[in-house]
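Trainee: Curious how this folds, go ahead:
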Amino acid sequence: MGAIERILAAKGLPRVSSSGSLPDEVGPGNPGWHHDARVEYALARWETATPPRFRTAEATFPEVRSWADRALADPSSAGALLLTGLTGTGKTHQAYGALRRIATGGPDRFELLAVNSADMYGHLRPTHVVGSSERGLRRLSTVQYLFLDDFGTSKTSEWTEEITYRLINYRYNHCLPTIITSNLPARDADGPDLTDFVGDRVASRLAEMVTTLVPMIGDDRRRDRGAA
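Mentor: Numbering: from 1, shown residues only. Below is the predicted model of the structure:
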C-alpha cells in the first residue's frame, strides 16, 4: 500500500484505481449505495419526528415487527397498527420502534408525522389565521406515515368527532399506513372504549383499517423506574 493509499485508508475514503476512477463497488452505480442512502435519509426523517426520549426505541413485539415489515414491503396494504393498554406499558416506545424499523429497511419513500392527539386537536382549532387549520388537517391526512399517540384522551365534542372523522376517513380511503396508541381498549362491553370516543362512523372505518391489534399488558414502567 502506497503513501496515498494509506492516507485515504486512514480517513476512511475509497481507494482510487490506477485509472483514476473510484472502484465499481462504490458510488451511485451500485444498488447497495442507493439502499444505504435511502436508509440514511429515512433515519434522518425518523429522528426529526421522534422526541429525544424515544430515539433508542426498537420494536420488540413480534406483531409490531411484522406490521412494520409489511408497511415497508407495501405501504398501501399495511393498514393501521393499534396499540392499546394502560399508561406506561410501552405503547409509544413500540410505535416509534416500528417506524424506526421501516426506516432502517431503506424505503423508497419515507414521510412521517408523529403527534399527540391532544396536541393535534389544539393545533387544529380555528384561529385568526384563515385556512391554517385546514392546512394542518390536510397535512396530517395526506402524510405517508402518521402516528397518533394517546388517541382517545381528549374531551369529546361535535368538533373533535368531525375532525377525527375527516382525518381517519381520508386515510382509510387512500390506504395510508397509520399507527395509533390508546389507553382505551378497542372494545369493552363493560366500560368506555374507542368507539365511545370516536363515534360509530370512525369506529366502522377503524375496524377495517386496523390490521394489527396489540393489547399491551403490564404495570406502569415509568412508576416502576421511579421507585427503583
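
Trainee: Would you tell me which helix is longest in this protein?
Mentor: helix 31-49 (DSSP state H).

Trainee: I'd like to know which elements that helix is packed against.
Mentor: In terms of contacts (3 or more C-beta pairs under 8 Å, 6 or more residues apart in numbering; DSSP states H and E), helix 31-49 is packed against helix 91-104, strand 112-116. In this view, the C-beta of every residue, glycine as well, is placed from N, C-alpha and C.

Trainee: Share the number of residues neighbouring Leu83, please.
Mentor: 27 (other C-beta atoms under 10 Å).

Trainee: Over to Arg125?
Mentor: 12.

Trainee: where does it land on pLDDT?
Mentor: Looking at Arg125, its pLDDT reads 90.

Trainee: Touching stretch 148-157 from outside, list them.
Mentor: 91-92, 95, 114-118, 120-121, 160, 178-184, 194, 197-198 (C-beta atoms under 8 Å, 6 or more residues apart in numbering).

Trainee: mind redoing it with 6 Å?
Mentor: Residues from elsewhere that reach stretch 148-157 (C-beta atoms under 6 Å, 6 or more residues apart in numbering): 92, 116-118, 121, 180-182, 184, 194, 197.

Trainee: what's the answer for stretch 107-126, then?
Mentor: By C-beta under 6 Å, 6+ apart, stretch 107-126 touches 42, 45, 49, 72, 103, 133, 136-137, 143-151, 153-154, 160, 163.

Trainee: mind listing what's buried in that stretch?
Mentor: 107, 110, 112, 114-117, 120-121, 124 (16 or more other C-beta atoms under 10 Å).

Trainee: Can you show me the CA trace of it as PDB?
Mentor: The C-alpha coordinates for stretch 107-126 follow below in PDB (Å, rounded to 0.1, in the frame of the first residue of the first chain):
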ATOM      1  CA  PRO A 107     -37.900   2.500   1.900                       C
ATOM      2  CA  ASP A 108     -38.200   4.200  -1.500                       C
ATOM      3  CA  ARG A 109     -40.100   7.000   0.200                       C
ATOM      4  CA  PHE A 110     -40.400   7.900   3.900                       C
ATOM      5  CA  GLU A 111     -42.600  10.800   5.200                       C
ATOM      6  CA  LEU A 112     -43.700  10.800   8.800                       C
ATOM      7  CA  LEU A 113     -45.700  12.900  11.200                       C
ATOM      8  CA  ALA A 114     -46.000  11.900  14.800                       C
ATOM      9  CA  VAL A 115     -48.400  13.800  17.100                       C
ATOM     10  CA  ASN A 116     -50.000  13.500  20.500                       C
ATOM     11  CA  SER A 117     -53.800  13.600  19.800                       C
ATOM     12  CA  ALA A 118     -54.400  16.300  22.400                       C
ATOM     13  CA  ASP A 119     -51.800  18.500  20.800                       C
ATOM     14  CA  MET A 120     -53.300  17.700  17.400                       C
ATOM     15  CA  TYR A 121     -56.700  19.000  18.400                       C
ATOM     16  CA  GLY A 122     -55.200  22.000  20.000                       C
ATOM     17  CA  HIS A 123     -53.300  22.900  16.800                       C
ATOM     18  CA  LEU A 124     -56.300  22.300  14.600                       C
ATOM     19  CA  ARG A 125     -58.600  24.600  16.500                       C
ATOM     20  CA  PRO A 126     -59.700  27.600  14.400                       C
END
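
Trainee: ok, and for the helix or strand that the longest helix of the chain is followed by, which residues are buried?
Mentor: Next along the chain after helix 31-49, taking DSSP states H and E as the criterion, comes helix 62-73. When burial is assessed from 16+ other C-beta under 10 Å, helix 62-73 yields the following buried residues: 64-65, 67-68, 70-72.
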